[in-house]
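Engineer: no sequence for this one, just the structure:
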């Protein structure tokens, strides 16, 4: 495909792998890039030394473009960005913060900048800040979500109407038919998280992947809406969070949530495999995923399904 996203990143397909914490290391990012998409290293869970290791490893695994996803809510974001720049990274996806914070700095360094948005209003702010592209992420997505609770089907056309810069759709996309749908709504490309989480190259623990394979349509839930909204795979930890949210309000709720979260919940769940007490971030589309193939197999399936979808469309209505 020859469109604004493939041109922007110099990739074969307008398919981006989400930069998921504890899941998106060098192996996954390189595999996606080698298969024609754009791989992202998820820096949110990485201290500088670990991020350095993954960037250097990815550079050894692929000669294709790849990027780094940096959530701006973490205090080490600037150090991560400067480290990645010094190692030659030229593509940055930023999220969970103001697009103004680092865009000019990164652009001055010759980098390509993409910011994640959950509303048309924020999309306009991203465009005004000078980003090269936007990821518009619907409420179906896994992990941290926007407070607006706008679904992908309604978000993409609204963002497309609001801005003219390249647009990447995310949230609830795991098939070629879904890719065709969001492109028809005005997106130029897609970002997939959960589908790539469920591959052999992802860093997600086998316990996590096996539990996700058995997910049902109602097996995810939004948690911590009053603090930092996040979509979780249902387990004992998610149930306990729900009980706390039903029992407390205001400052007391925040205190109780902070106490219960503690440290390393996400790492223990997604990376170390504690599927009872770990924080398991995953998208609503997980119930449609019933295998754990290689990244290359996923990419081939996505492209084939996309082409079949187009061939099934009526020539006229």
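Structural biologist: Cool, got the structure. As the structure is a prediction and not an experimental result, all values here were calculated from the model.
Engineer: which stretches of the stretch 151-300 of the chain form strands?
Structural biologist: 167-170, 189-192, 220-223, 230-233 (DSSP state E, counting those that start in this stretch).
Engineer: Make CSV out of the ones you listed and add distance to residue 38 and mean pLDDT.
Structural biologist: Where you see a C-beta, it was placed from the backbone N, CA and C, and this is true even at glycine. Output for the strands of the stretch 151-300 of the chain, formatted as CSV (distance: least, CB to CB, whole Å; pLDDT from 0 to 100):
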stretch, distance to residue 38, mean pLDDT
strand 167-170, 10, 98
strand 189-192, 9, 98
strand 220-223, 25, 94
strand 230-233, 23, 96
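Engineer: Save these as CSV, and put in distance to residue 242 and mean neighbour count too.
Structural biologist: Output for the strands of the stretch 151-300 of the chain, formatted as CSV (distance: least, CB to CB, whole Å; neighbours: other CB atoms under 10 Å):
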stretch, distance to residue 242, mean neighbour count
strand 167-170, 25, 28
strand 189-192, 27, 28
strand 220-223, 7, 20
strand 230-233, 10, 23
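Engineer: and residue 289, which of those is closest to it?
Structural biologist: strand 189-192 (10.7 Å; CB to CB).
Engineer: helices or strands up against that closest one?
Structural biologist: Packed against strand 189-192 by the contact rule (3 or more CB pairs under 8 Å, 6 or more residues apart in numbering; DSSP states H and E) you find helix 4-9, strand 15-17, strand 167-170, helix 176-184.
Engineer: Could you name the helices and strands sitting against the third one?
Structural biologist: Judged by 3+ CB pairs under 8 Å, 6+ apart, strand 167-170 is in contact with strand 133-137, helix 152-162, strand 189-192.
Engineer: now the longest one
Structural biologist: Secondary-structure packing of helix 176-184 (3+ CB pairs under 8 Å, 6+ apart): helix 152-162, strand 189-192, helix 295-312.
Engineer: Name the residues of it that come out as buried.
Structural biologist: By 16 or more other CB atoms under 10 Å, the buried positions in helix 176-184 come out as 176, 178, 179, 180, 181, 182, 183.
Engineer: Report the angle between that helix and helix 295-312.
Structural biologist: Put simply, helix 176-184 runs at 60 degrees to helix 295-312, going by axes from the mean of the first three to the mean of the last three CA atoms, to 10 degrees.
Engineer: Not counting helix 176-184 itself, show me its contacts.
Structural biologist: 15, 152-153, 156, 169, 172-173, 190, 285, 301-310 (CB atoms under 8 Å, 6 or more residues apart in numbering).
Engineer: on contacts alone, who are the packing partners of the lowest-mean-pLDDT helix or strand in the chain?
Structural biologist: Counting by mean pLDDT, DSSP states H and E, the chain has its least confident helix or strand at strand 143-144, which shows a mean of 88. If you count contacts as 3+ CB pairs under 8 Å, 6+ apart, strand 143-144 packs onto strand 230-233.
Engineer: Could you list the paired strands of the least confident helix or strand of the chain along with their orientation?
Structural biologist: strand 230-233 (antiparallel) (DSSP bridges).
Engineer: Residue 9: which of the helices and strands packed on helix 176-184 is closest?
Structural biologist: For those, proximity to residue 9 was assessed by CB to CB; strand 189-192 is nearest, at 8.6 Å.
Engineer: Could you tell me how far the closest one lies from the centre of the chain?
Structural biologist: Mean C-alpha position of strand 189-192 versus that of the full chain (CA atoms, centre = their mean, to the nearest Å) differs by 9 Å.
Engineer: do the same with stretch 189-202
Structural biologist: Taking mean C-alpha positions (CA atoms, centre = their mean), stretch 189-202 and its chain are 9 Å apart.
Engineer: Can you measure across that stretch, start residue to end residue?
Structural biologist: End-to-end distance for stretch 189-202, by CA to CA, to the nearest Å: 22 Å.
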